[in-house]
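Enquirer: mind looking at a prediction? Sequence and model below.
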Amino acid sequence: MNVKKTLLLTLVILSIFLPNSSDVAQAQTFACNPARQDTYEGDPVSFSVSGGSGHGYHWSALGGSPGSGDGEHFTTTYSKAGSYAVKVSEEFHDATCAVNVKAIPVPNSACISIAAPSVIAPGASFSATVVMKNTGKGSWFKKSTFQPYYHSLGSQNPANNKRWNLNRIVLPTSPIGIGSSATFAIGAKAPFTPGIYDFDWQMIQEGLGGAKWFGAICKKVISVGDLPTVSLTASPTEVDEGGTSVLTWTSAKAASCSSSGGSPGWTSPARPISGSWTTLPLVATATYTITCTGPGGTASASASVTVKPITKTEPPASPDLSVDLKANLGSGYVDGPVTGVWPLHDLDLRAVTSGSATGPITYKFFCDARETIPTITETIDTADNPHIREHLDLCDYEVQGTYTARVEVLRGGKSAFDTVKITVARVCAISVAPTTRTISLHDIVSPIWEKIQISQR
């Protein structure tokens, strides 16, 4: 073989087994390129190749889903946090790139406050606010192109309802850091159907991994409906002591009513939505209230009845005759005022008459000075001076209020009187200490002896 032929054969062999200059350049620039180095669990990440021949690429992604693929571009998703390697290869080249997969922080929240009307008319627009505090492991973000997961306030009970004309409220600012609070301004509209509705809101995370409700629910109940109306009148509005008045009330758009205040017998947890009621004999001015509730809320009305004290014409006083009246509820006789538990029974009265007047004594005892007829009238023929006249268990009071017990005495053409105040109240309003009542021999013998003298006449 001559030299020329040997040289030609050598060049052919070298062209087969040695890469040309373009192959060397490709080997130097062939690379795997992730769309981003950092991603989150469940967030798809894409890869591309550069410097290759443009065909015959194969991808391998251990831990990803899918774990392999072909072509210039490849996308996979990782379900667990960690660092992963992705390899791309062609006929004469291969390249590896890495991606860091982070876990999504666990979210949580606390309801700080919720402010909204308690009653609203059907179809009416209103404003409300909800304050939520970030108590989770990561910040809250608004929805954006570069944010794979985001947070907002959503309607609840049921979830995603549009009862109030919307079901999502975006964050007022972003991010909301751990320990910080977000105040959501809600422009809502009430349902057109009257009723009692939940106005409940909860935080929600969306994006990667789907929708996830988290944290506490801010709750409020709103009544949708027209407010009830109620009126209350008293007739008459002014009475003398012992008089009565008729209370009349009417209501509209109410389901129930109750009454409070006023005089004994008026307070009740349940009254008809319209009606009338007659007071017991009145001893003091009172204000009566009726409260009615319906789907749209609660309304109240009040009326007052003024009680005028009765002024009696007093018998002419005389320095020659005087009387001292005392009352006893078991703790001894006192000038008053005396306070007892309603209903008050068996009040004792004792009168002591003195002065220069002589002769028989006429006693008139009134348990209630407003009465025109005495509780008891009697004439005692006695020369005692002073003279004691006592009546045990004389007075009973069935109605709460303030009373005036009275005694009038006549002797030798002279007259005198005295009074003592009696207050009757509920047991919860007073405290009566236990006492021991002492009865003297005179208390027993004197009334008996006087009765004997009267019978002998």
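Expert: Here it is on my side, so go on.

Enquirer: domain parsing for this structure?
Expert: As recorded under automatic domain parsing, the domains making up the chain are 3-102, 109-224, 229-308, 322-430+440-456.

Enquirer: so what's the gap between the second one and the chain middle?
Expert: In terms of CA atoms, centre = their mean, to the nearest Å, the gap separating the centre of domain 109-224 from the centre of its chain is 21 Å.

Enquirer: quickly list what His73 is bridged to.
Expert: Beta bridges link His73 to Ser48, judged by DSSP bridges.

Enquirer: go ahead and confirm it touches Val45.
Expert: No - checked against CB atoms under 8 Å, the pair His73 and Val45 is beyond contact range at 11.6 Å. From N, CA and C alone the C-beta is placed, and that goes for glycine too.

Enquirer: ok, the two, which is more surrounded?
Expert: It is Val45, of His73 and Val45, that has more neighbours when counted by other CB atoms under 10 Å, with 23 against 13.

Enquirer: got the contact list for stretch 383-393?
Expert: Applying CB atoms under 8 Å, 6 or more residues apart in numbering, the external contacts of stretch 383-393 come out as 345-355, 358, 361, 363, 365, 376, 378, 380, 442-443, 446-447.

Enquirer: tell me the buried residues in it?
Expert: Within stretch 383-393, the residues that qualify as buried by neighbour count (16 or more other CB atoms under 10 Å) are 387-391.

Enquirer: enumerate every residue touching Glu72.
Expert: With contacts taken as CB under 8 Å, 6+ apart, Glu72 has the following neighbours: 48-49, 52, 54, 57.

Enquirer: no wait, Ser68
Expert: 58-61.

Enquirer: can you do 7 Å?
Expert: Neighbour list for Ser68: 59-61 [criterion: CB atoms under 7 Å, 6 or more residues apart in numbering].

Enquirer: of those residues, buried ones?
Expert: When neighbours are counted using 16+ other CB under 10 Å, those contain these buried positions: 59-61.

Enquirer: let me have these in JSON lines, adding secondary structure, pLDDT and distance to Thr306 as columns.
Expert: What follows is the buried ones among the contacts of Ser68, written out as JSON lines (DSSP: H, G, I helix; E, B strand; the rest coil; pLDDT from 0 to 100; distance: CB to CB, whole Å):
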{"residue": "Trp59", "secondary structure": "strand", "pLDDT": "94", "distance to Thr306": "96"}
{"residue": "Ser60", "secondary structure": "strand", "pLDDT": "94", "distance to Thr306": "98"}
{"residue": "Ala61", "secondary structure": "strand", "pLDDT": "93", "distance to Thr306": "92"}
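
Enquirer: Throw those into CSV and include distance to Asp38, thanks.
Expert: Listed next are the buried ones among the contacts of Ser68 as CSV, based on distance: CB to CB, whole Å:
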residue, distance to Asp38
Trp59, 20
Ser60, 21
Ala61, 16
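
Enquirer: strands of the stretch 251-400 of the chain, residue ranges please.
Expert: Applying DSSP state E, counting those that start in this stretch to the stretch 251-400 of the chain gives strands spanning 256-261, 268-271, 275-278, 286-294, 297-308, 322-328, 338-341, 344-354, 361-366, 376-380, 387-397.

Enquirer: and these, which one's lowest on average pLDDT?
Expert: The weakest mean pLDDT among the strands of the stretch 251-400 of the chain belongs to strand 338-341, with a mean of 89.

Enquirer: sheet-wise, list the partners of that strand with their directions.
Expert: strand 414-425 (parallel).

Enquirer: flag every buried residue along the strand it pairs with.
Expert: So for strand 414-425, counting by 16+ other CB under 10 Å, buried means 414-420, 422-424.

Enquirer: stretch 292-300 too?
Expert: By neighbour count on 16+ other CB under 10 Å, the buried set for stretch 292-300 is 292-299.

Enquirer: just the pLDDT at the nearest residue to Cys292 once chain neighbours are set aside, thanks.
Expert: Distance criterion CB to CB, 6 or more residues apart in numbering; nearest residue to Cys292, sequence neighbours excluded, is Ala254 at 3.7 Å. In the prediction, the pLDDT value recorded for Ala254 is 88.
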